[in-house]
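Undergrad: let me see the structure of the following:
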Amino acid sequence: MFSGIIEKVAKARYSGGKLYVEKVIDVNSGDSVAVNGACLTVSEIRDQIIFDVGEETLKRTNLAKAKLVNLERALKFGDRIDGHLVTGHVDGTLKLRRVLRRGNTYWLAFEMPKERFGIVEKGSIALNGVSLTIARVEKSQFWVQTIPYTWENTNLKFLKVGEEVNYEIDIVARYLKGILGDRYGPGKA
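TA: Numbers count the residues shown, from 1 in each chain. Prediction:
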């Protein structure tokens, strides 16, 4: 479990089922690390941190293409949760559609995921592992805003329009959807 508060940004390279990440955090073999929001296990440490990447993870994430990744070590009991609860189970990827800067705020628009139920104003979403608040919802896209600290200390500032990010729908929204199913959909109350 993670909080979506990024510790470091690191260079990364994928090859032959393994992700090689610049060693910018202290970890041990077997530790869980969120890499661009995907929970991976440290398989080996050399001059780089090496992760095995399974087929499903490779299919659902941007890890094969990512050159810079956000890193967060797993939470420990008693840690503060400054973001929101992030499982590291990436739902898929979304494309960045637009970036605007107003004053000290960066606004980013992303395409709407298939899990539209989890996209609500003031709700939470993890993008490349970063805990963000959904600021505005439109028909085919949603907006998040970042403050200068988040902008400078994550890989969001390197994104180009059309580039994909990993996303994770808020765990509370996911469980509510699972419990309620379609019982309360349009025309059903």
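Undergrad: just the CA trace of the helix or strand containing residue 145, in CSV.
TA: Using DSSP states H and E, the element containing residue 145 is strand 141-146. What follows is strand 141-146, C-alpha atoms only, in CSV (Å, rounded to 0.1, in the frame of the first residue of the first chain):
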residue,chain,number,x,y,z
GLN,A,141,-11.9,14.2,-20.1
PHE,A,142,-11.1,15.3,-16.6
TRP,A,143,-8.7,17.8,-15.1
VAL,A,144,-6.3,17.7,-12.2
GLN,A,145,-4.2,20.5,-10.9
THR,A,146,-0.8,20.4,-9.4
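Undergrad: give me the contacts around it.
TA: Under the criterion C-beta atoms under 8 Å, 6 or more residues apart in numbering, residues 97, 105-112, 119, 125, 127, 130, 132-137, 154, 156 lie in contact with strand 141-146. For the C-beta atoms, the positions are set from N, CA and C on the backbone; glycine is no exception.
Undergrad: can we see that at 6 Å?
TA: Under the contact criterion C-beta atoms under 6 Å, 6 or more residues apart in numbering, strand 141-146 has outside partners 97, 105-109, 111-112, 119, 132, 134-136.
Undergrad: and whatever helix or strand comes next after it, which residues are buried?
TA: The helix or strand immediately downstream of strand 141-146 is helix 148-152, counting by DSSP H and E. Within helix 148-152, the residues scored as buried using 16 or more other C-beta atoms under 10 Å are 150, 151.
Undergrad: now do helix 148-152: distance to the chain's middle.
TA: Averaging C-alpha positions (C-alpha atoms, centre = their mean, to the nearest Å) puts helix 148-152 16 Å from its chain's average.
Undergrad: average model confidence for whichever helix or strand comes after that helix?
TA: The element immediately downstream of helix 148-152 (helix or strand, assigned by DSSP H and E) is strand 164-169. Across strand 164-169, pLDDT averages out at 98.
Undergrad: which elements pack onto strand 164-169?
TA: Here strand 164-169 touches strand 92-102, strand 124-127, going by 3 or more C-beta pairs under 6 Å, 6 or more residues apart in numbering; DSSP states H and E.
Undergrad: which other helices and strands does the shortest one contact?
TA: Other helices and strands packing on strand 124-127, by 3+ C-beta pairs under 6 Å, 6+ apart, are strand 164-169.
Undergrad: can you give me the offset of the strand it packs on from its chain's centre?
TA: Using C-alpha atoms, centre = their mean, the offset of strand 164-169 from its chain centre is 5 Å.
Undergrad: and that strand, which strands flank it?
TA: strand 92-102 (antiparallel), strand 124-127 (antiparallel) (DSSP bridges).
Undergrad: neighbouring contacts of it?
TA: Contacts of strand 164-169 (C-beta under 6 Å, 6+ apart): 36-37, 61-62, 86, 90-91, 93-95, 113, 115, 118, 126-128.
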